[in-house]
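A.B. asks: pasting the structure only:
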């Protein structure tokens, strides 16, 4: 357990509720980590660390070193959006270097390697929790709500990009929308949701041409968007997708250009900075 912090993990109607014994002025950041070709997102407050995806491999370690205070080796919750290596591969290195409070995922059991990581977690008495639409994570003014996929979704959906966990997070008023690798099929479903104001959109599927539809951009209407992408042979990001964000006047920040990206808010203004040394 992290020094100076007592966290109670309650699983009630699939809600994760974190209660800290301290009540201090919040220092809040949402970091989009440079993990290469993959996703790794860190939500950080004074006393809570939540990772959404952990990249494909060991790059997650250097990215976390740049984002977390020196000597901080505790992560309260890791969420794996879906069972593709560029989103879960870094678990191997996190387990060797960090203590972890809990792990959550979309419920897919299709990948033996990911299931093996979950078995390691259970052997260490780390809860492994299935999230689905309606699940919530709460701690003080940190509120995260899963909007997709639905409870009881088929394995054929959960194993693929369109079965990614889609999560709306509001952390002391800084709102983010995490989209995993969803494509236009799932975007058309979630675009019907009546969204609150969204500050930050995590661009779906590394800027693939099969995602970032006009329906999604119109429904979410973010102030900024962040593209998690690295060197790849897939042609990512797609130029037409980047043009679409420009059409909607949404500034795009890229981890392949700027390294890990930190977004904070002060006086109702967003601050975007690179964590690259």
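C.D. replies: Everything's here; your move. Every value quoted in this text rests on a predicted model; they were computed, and no experiment measured them.

A.B. asks: in this structure residue 50 contacts residue 77, no?
C.D. replies: Yes. If you go by Cβ atoms under 8 Å, residue 50 and residue 77 touch, sitting 4.8 Å apart. The way it works is simple: take the backbone N, C-alpha and C, and place the C-beta from them, glycine included.

A.B. asks: so the two - more neighbours on which side?
C.D. replies: residue 50 (27 against 24; other Cβ atoms under 10 Å).

A.B. asks: that older thread, which residues do residue 50 and residue 77 both contact?
C.D. replies: residue 137 (Cβ atoms under 8 Å, 6 or more residues apart in numbering).

A.B. asks: next, count neighbours for residue 260.
C.D. replies: 22.

A.B. asks: excluding chain neighbours, what is closest to it?
C.D. replies: residue 275 (4.1 Å; Cβ to Cβ, 6 or more residues apart in numbering).

A.B. asks: any idea how far the one you found lies from residue 55?
C.D. replies: 15 Å (Cβ to Cβ, to the nearest Å).

A.B. asks: who's more crowded, those two?
C.D. replies: Comparing residue 275 with residue 55 by other Cβ under 10 Å, the one with more neighbours is residue 55, at 31 against 19.

A.B. asks: what sits against that one?
C.D. replies: 33, 35-36, 38-40, 63, 86-87, 89-90 are the contacts of residue 55 under Cβ under 8 Å, 6+ apart.

A.B. asks: what kind of secondary structure is residue 264 in?
C.D. replies: Put simply, residue 264 is strand when judged by DSSP: H, G, I helix; E, B strand; the rest coil.

A.B. asks: neighbours around the nearest residue to residue 238 once chain neighbours are set aside, how many?
C.D. replies: The shortest distance from residue 238 to any non-neighbouring residue, by Cβ to Cβ, 6+ apart, is to residue 209 (3.9 Å). When neighbours are counted by other Cβ under 10 Å, residue 209 registers 17.

A.B. asks: test my guess that residue 262 contacts residue 31.
C.D. replies: Yes. At 4.9 Å, residue 262 counts as touching residue 31 under the criterion of Cβ under 8 Å.

A.B. asks: what touches both of those two?
C.D. replies: 67, 275.

A.B. asks: ok, these two, which is more surrounded?
C.D. replies: Using other Cβ under 10 Å as the criterion, residue 262 and residue 31 rank with residue 31 on top: 24 against 18.

A.B. asks: in what helix or strand does that one lie?
C.D. replies: Assigned by DSSP states H and E, residue 31 belongs to strand 29-32.

A.B. asks: gap between that strand and the chain center?
C.D. replies: 9 Å (Cα atoms, centre = their mean, to the nearest Å).

A.B. asks: what are the contacting residues of it?
C.D. replies: Here strand 29-32 has contacts from 40-44, 67, 169, 171, 174, 176, 200, 202, 226, 228, 253, 255, 260-264, 275, using Cβ under 8 Å, 6+ apart.

A.B. asks: next one: stretch 59-74
C.D. replies: Here stretch 59-74 has contacts from 1-2, 5, 31, 33-36, 38, 40, 42, 44, 49, 54-55, 90, 93-94, 97-101, 259-260, 262, 275-277, using Cβ under 8 Å, 6+ apart.

A.B. asks: from the residues you listed, which ones fall inside strands?
C.D. replies: 31, 40, 42, 44, 49, 54, 99-101, 262 (DSSP state E).

A.B. asks: which of these sits closest to residue 109?
C.D. replies: Using Cβ to Cβ, residue 54 is the member of the ones in strands among the contacts of stretch 59-74 that lies nearest residue 109, at 18.8 Å.
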